[in-house]
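**Student:** predicted model follows, preceded by the sequence.
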Amino acid sequence: MSDTFRFGDPPIDVTLRRSSRARRISLRVSGLDGKVSLTVPRRSNPREAQDFLIEKEAWIRKHLARQPEVGVVSLGSKIPIEGVDREVVEHDGKRVVLMPEALLVPYGPDKVPSRTKAFLKTLARDRLSEAATRFSSELGRSYSRLSIRDTRSRWGSCSSEGNLMFSWRLILAPGAVLDYVAAHEVAHLAVMDHSPRFWAQVEALMPDYKEPRAWLRREGASLHRFRFEMA
């Protein structure tokens, strides 16, 4: 059960969750979208939650200030594709074209966000399919199917049936990062947990996985700052 309210000046939106399992008040600022969540024990005193927020207000605002600016992709925008910044430029062709320093999008400003998103999703599927197939071949195990989504809480997953799922926003990250996530999920075809045996399998597939993994933990939230829907 949750409610949303505002506090402070300027106001901050806070989602309040009452949990029967919570033993103390906890606070979280999402690194993906900056949403502030306050979880309290179900029978806690409302005054305690209010005092807790007042005490933590400076901490909340510090974390919100670090959030990347979110904006709709348009002509002139620069977006990273495979980790390389490219400017979105209009052209009179009929399809989106990826260039070393630009992304050429057919004329029509109101269509730029959706056309860009469609192109990125297709490119992501192609790259992830190639990476997953390569790693699964090395592993000697095949996956059932591959899907892409715009997930918020995880970059990929592997089901017990061998189905792989990935966030298409990985195409915005450097290629090694996309490869790492593919190797990670393919490794789950052999080991479903995150035991030392699992990480040994990841390393066998991608010996230099630690730096891409660190990049994703450090910079991953920035991949969500791009929006592709007109208001």
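**Tutor:** Done, it's in.
**Student:** helix/strand/coil for the residue lying closest to residue 128 once chain neighbours are set aside?
**Tutor:** The spatially closest residue to residue 128, leaving aside those adjacent along the chain, is residue 166, at 5.0 Å (Cβ to Cβ, 6 or more residues apart in numbering). Yep, even glycine has a C-beta here, placed from its N, CA and C like the rest. Of the three states, residue 166 takes strand under DSSP: H, G, I helix; E, B strand; the rest coil.
**Student:** for residue 166, grab the count of nearby residues.
**Tutor:** Using other Cβ atoms under 10 Å, residue 166 has 28 other residues around it.
**Student:** low-scoring stretches of the protein, by residue?
**Tutor:** 1-2, 31-33, 67-70, 230-231 (pLDDT under 70).
**Student:** looking at the protein, which helix is longest?
**Tutor:** Using DSSP state H to define each element, the chain has its longest helix at helix 112-139.
**Student:** buried set for that helix?
**Tutor:** Within helix 112-139, the residues that count as buried by 16 or more other Cβ atoms under 10 Å are 112-113, 115-117, 119-121, 123-125, 127-129, 131-132, 135-136, 139.
**Student:** and if you look at stretch 135-152?
**Tutor:** By 16+ other Cβ under 10 Å, the buried positions in stretch 135-152 come out as 135, 136, 139, 143, 146, 148, 151.
**Student:** wait, which of those residues is closest to residue 8?
**Tutor:** Residue 8 lies nearest to residue 151 out of those, by Cβ to Cβ, at 30.5 Å.
**Student:** so what's the spatially closest residue to residue 52 that is not a sequence neighbour up against?
**Tutor:** Counting by Cβ to Cβ, 6+ apart, residue 25 is the residue found nearest to residue 52 once chain neighbours are left out, at 5.0 Å. Shown in contact with residue 25 (Cβ atoms under 8 Å, 6 or more residues apart in numbering): 38, 39, 40, 41, 44, 48, 49, 52.
**Student:** need the buried ones from the residues you listed selected in PyMOL.
**Tutor:** With 16+ other Cβ under 10 Å as the criterion, this PyMOL line picks the buried residues out of these:
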select buried, resi 38+39+40+41+44+49+52
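**Student:** out of the contacts of residue 25, which are inside strands?
**Tutor:** Using DSSP state E, the subset of the contacts of residue 25 located in strands is 38, 39, 40, 41.
**Student:** show me what the second one bridges to in the sheet.
**Tutor:** On the basis of DSSP bridges, residue 39 takes part in beta bridges with residue 17, residue 26.
**Student:** I appreciate the help and will end here.
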